[in-house]
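# Have a look at this prediction, sequence included:
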Amino acid sequence: MSQEILKNINDPSDLRKLKKEDLIQLAKELRRFIIDIVATKEGHLGASLGVVELTIALHYIFNTPDDLLVWDVGHQAYGHKILTGRRDVFDTNRQLNGISGFPKRDESIYDTFGTGHSSTSISAALGMAIASNLKGETQKQHIAVIGDASIASGMAFEGLNHAGVTKANLMVILNDNAIGIDPSVGALKEYLTKARVGYKPARDNIIEALNFRYFGPVDGHDLEGLLKVLSEMKAIKGPKFLHVITKKGKGLKKAEEDQVKYHAPGKFEPDTGELLKYDTEGLPLKYQDVFGLTLVELAKNNEKIIGITPAMPTGSSLKFMMDAFPERAFDVGIAEQHAVTLSAGMATQGFIVYCAIYSTFLQRAYDQLIHDVALQDLPVIFCLDRAGLVGEDGATHHGVFDIAYSRAIPNLIIAAPRNEMELRNLLFTVQQDLEHPMIIRYPRGRGVLKEWRIPFKKVKIGTGVCLKEGTDLAVLSIGNMAANVEEAIKSSPDNSKIAHYDMRFVKPLDEELLNEIFSKFSKIISVEDGVKNGGFGSAILEYAAKLRYKGDIEILGIPDEFIEQGSLDELQEISKINVEGIRQKLKSMI
């Protein structure tokens with residue numbers, strides 16, 4: 001499709017010069033532009049396709065960037081980026097040194113608030129609206145666009161609750177497509193479903209009960225209708241709420257039919273939507289699938305095993321347990337705090353709870369991890385998926401802080417298996433006689449072993465292992481960094497001098513093994529895929545200082561800066577924890 005209108009839109013002021021009848025053609029061009037780029041460059045597809053008309057209408061009616069528009073999460077912001085001056089660089093989306101896959105304040109004045117985690121938009125936009133009132137800017141508009149999965153989060157309700165007792169000029173737009181990454185769940189989802197079909201019982205509008213003026217539901221693909229209602233609402237002061245019904249994946253048949261798969265589908269044929277086939281025959285499974293399949297295997301023999309995830313049954317592969325034992329596996333929606341404390345509550349009653357959660361999202365429940373789990377010493381098992389660098393999702397999603405932020409918490413055990421067999425054995429071990437809460441962290445993507453389904457073997461908590469003997473230098477790795485270390489040692493001309501230890505546990509450290517290492521080696525390198533400040537290497541240094549160790553210790557890990565997006569190989573190279581980076585460090589210390 002030619003881009004006769006879109007090619008002339010360099011910012012929203014160009015958009016606002018168009019006749020209303022031209023906007024339908026622009027929507028077709030914008031939708032096709034997104035499809036063509038994402039088909040070859042990859043990214044988040046379905047959500048952005050679903051809000052094409054809404055995006056155009058918002059920038060047409062409101063005077064952005066003077067009026068402030070906040071996108072929740074940002075999965076749906078591709079059209080926004082293209083219309084706000086980033087059309088010609090959109091093919092760099094999510095690539096090293098390219099534009100971010102999420103709204104980012106230092107990228108554009110139209111990105112008013114950085115978002116990558118959900119449910120922040122209402123609070124942020126409310127803060128902006130209150131600030132505008134304080135500055136006397138009473139005509140300025142503040143719009144938060146939030147999805148039906150995100151609005152069910154506690155933080156979103158905190159924002160709504162506060163906004164309802166203010167005079168803030170705030171508009172909340174609910175983009176309701178009945179799906180987040182997986183289908184939305186919970187009582188609020190059922191309430192919204194009733195609203196979608198026109199069910200409006202008297203005095204039963206939860207939004208109006210919170211002192212918002214409620215409008216809708218309206219068809220989110222009816223441009224004329226959207227323009228009309230947004231114009232009307234623009235003239236109304238105070239908190240107002242627009243319920244917009246959209247279809248995730250709109251305009252690409254296969255994306256409409258399989259909304260979970262086409263949230264971020266990888267590469268596909270732009271004309272048909274057919275996913276490009278990759279030969280995965282013989283490749284190792286993804287770590288998340290090893291977790292999910294192993295949990296089902298364990299649950300068959302242990303009726304006390306429970307699985308819990310906050311809105312990531314597919315991403316964490318808890319879906320396997322949900323299919324096999326639906327009464328013992330729970331998707332609680334985008335509610336990380338609730339997921340952690342729910343797990344704690346079930347643990348008090350003798351259940352063995354595996355809480356599957358991305359490393360970056362456990363950050364959202366830090367108080368619950370301390371107050372509700374560790375303080376009460378409840379043996380909840382946190383299975384931290386996407387630990388370490390995650391690649392193209394960038395700074396908002398890298399799971400590089402969990403070791404540092406959890407290591408200070410009393411009672412908490414922290415383990416990181418180096419491969420799928422170690423993960424499998426840890427999952428098996430902790431179902432029996434676990435006395436404390438525990439984190440098991442593992443990376444995004446495929447493992448390193450083709451044959452991982454072996455008979456279970458118990459792991460002694462707090463023990464490491466020697467993977468290779470050496471004479472002059474010891475490398476201590478944690479988790480999947482063992483593979484990079486192994487390759488670096490193999491390619492080193494002095495490999496016979498280099499010993500390699502997989503410590504397996506960050507907490508408790510294997511002090512007996514460390515005593516042996518400190519007595520044998522005067523040079524030590526630690527390697528981790530988490531931040532160096534306060535991380536695994538810091539734990540080694542602390543113990544070395546306690547023993548007054550006189551040798552040299554070097555830490556390899558994530559530097560004290562936010563790492564942006566790029567391929568995993570590129571980001572490991574930047575952080576000097578790739579094979580070559582480790583090899584160069586070995587060379588400098590031998």
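Here it is on my side, so go on.
# Which stretches in the stretch 151-300 of the chain count as strands?
170-176, 213-219, 240-245 (DSSP state E, counting those that start in this stretch).
# ok, now which ones touch the closest residue in space to Asp494 that isn't next to it in sequence?
Excluding the flanking residues, the one nearest Asp494 by CB to CB, 6 or more residues apart in numbering is Ile590, at 4.7 Å. Using the backbone N, CA and C atoms, a C-beta is placed for each residue, glycine as well. Contact analysis of Ile590 by CB atoms under 8 Å, 6 or more residues apart in numbering lists Asp472, Leu473, Ser492, Asp494, Lys497, Ile498.
# out of everything not next to it in sequence, what's closest to the last one?
For Ile498, the nearest residue in space outside its immediate sequence neighbours is Gly470; the separation is 4.5 Å by CB to CB, 6+ apart.
# and what of the first one?
Sequence neighbours aside, Lys497 is the residue nearest to Asp472 in space, at 4.0 Å (criterion: CB to CB, 6+ apart).
# The one you found - how many residues pack around it?
Lys497: 15 surrounding residues under other CB atoms under 10 Å.
# Redo the strands of the stretch 151-300 of the chain as CSV? Include mean pLDDT, mean neighbour count and distance to Met155.
Shown next, in CSV, are those (pLDDT from 0 to 100; neighbours: other CB atoms under 10 Å; distance: least, CB to CB, whole Å):
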stretch, mean pLDDT, mean neighbour count, distance to Met155
strand 170-176, 96, 27, 13
strand 213-219, 93, 17, 21
strand 240-245, 95, 23, 17
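# neighbours around Glu542, how many?
12.
# Now do the SS call for it.
helix (DSSP: H, G, I helix; E, B strand; the rest coil).
# rewinding a little: assumed the residue nearest to Ile498 was part of a strand.
No: counting by three-state DSSP, Gly470 is not part of a strand but coil.
# ranges for the strands of the stretch 451-590 of the chain?
Using DSSP E, counting those that start in this stretch, strands in the stretch 451-590 of the chain cover 465-468, 473-477, 498-502, 505-507, 523-531, 552-558.
# Same check on the stretch 301-450 of the chain?
Going by DSSP E, counting those that start in this stretch, the stretch 301-450 of the chain shows strands at 305-309, 329-331, 352-358, 381-385, 413-415, 438-441.
# which stretch among the ones you listed comes nearest Asn211?
strand 329-331 (31.0 Å; CB to CB).
# any chance of the strands of the stretch 151-300 of the chain in JSON lines, with distance to Lys450 too?
Output for the strands of the stretch 151-300 of the chain, formatted as JSON lines (distance: least, CB to CB, whole Å):
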{"stretch": "strand 170-176", "distance to Lys450": "42"}
{"stretch": "strand 213-219", "distance to Lys450": "50"}
{"stretch": "strand 240-245", "distance to Lys450": "46"}
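# For Ile439, grab the count of nearby residues.
Around Ile439 there are 27 residues (other CB under 10 Å).
# Which residues does it form beta bridges with?
Beta-bridge pairing for Ile439 (DSSP bridges): Phe382, Ile414.
# OK, contacts around it?
With CB under 8 Å, 6+ apart, Ile439 has these contacts: Phe382, Leu384, Asp402, Ser406, Leu412, Ile413, Ile414, Ala415.
# residues touching the most centrally placed residue in the chain, list them.
Computing the C-alpha centroid of the chain and ranking residues by CA atoms, centre = their mean puts His397 first, at 4.6 Å. His397 makes contacts with Gly116, Tyr358, Thr360, Arg386, Val390, as judged by CB under 8 Å, 6+ apart.
# Phe291 versus the second one, what's the distance?
As defined by CB to CB, to the nearest Å, Tyr358 lies at a distance of 12 Å from Phe291.
# Can you work out which residues contact both of these two?
Ser316, Asp385.
# Would you mark the buried spots in stretch 369-389?
369-370, 372-374, 378-389 (16 or more other CB atoms under 10 Å).
# Return that stretch as PDB; C-alpha atoms alone will do.
Presented in PDB, the C-alpha positions along stretch 369-389 are these (Å, rounded to 0.1, in the frame of the first residue of the first chain):
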ATOM      1  CA  LEU A 369       8.700 -10.100  49.600                       C
ATOM      2  CA  ILE A 370      10.100  -8.700  52.800                       C
ATOM      3  CA  HIS A 371       7.100  -8.100  55.000                       C
ATOM      4  CA  ASP A 372       4.700 -10.900  54.000                       C
ATOM      5  CA  VAL A 373       7.100 -13.700  53.100                       C
ATOM      6  CA  ALA A 374      10.600 -13.400  54.500                       C
ATOM      7  CA  LEU A 375       9.800 -11.700  57.800                       C
ATOM      8  CA  GLN A 376       7.400 -14.600  58.500                       C
ATOM      9  CA  ASP A 377       9.900 -17.100  57.100                       C
ATOM     10  CA  LEU A 378       7.300 -18.700  54.800                       C
ATOM     11  CA  PRO A 379       8.700 -21.200  52.300                       C
ATOM     12  CA  VAL A 380       7.400 -19.700  49.100                       C
ATOM     13  CA  ILE A 381       9.400 -20.600  46.000                       C
ATOM     14  CA  PHE A 382       9.900 -17.700  43.600                       C
ATOM     15  CA  CYS A 383      10.700 -18.900  40.100                       C
ATOM     16  CA  LEU A 384      12.300 -15.800  38.600                       C
ATOM     17  CA  ASP A 385      12.000 -16.000  34.800                       C
ATOM     18  CA  ARG A 386      13.900 -13.600  32.500                       C
ATOM     19  CA  ALA A 387      16.600 -13.100  35.100                       C
ATOM     20  CA  GLY A 388      19.600 -11.200  33.700                       C
ATOM     21  CA  LEU A 389      19.700  -9.300  30.400                       C
END
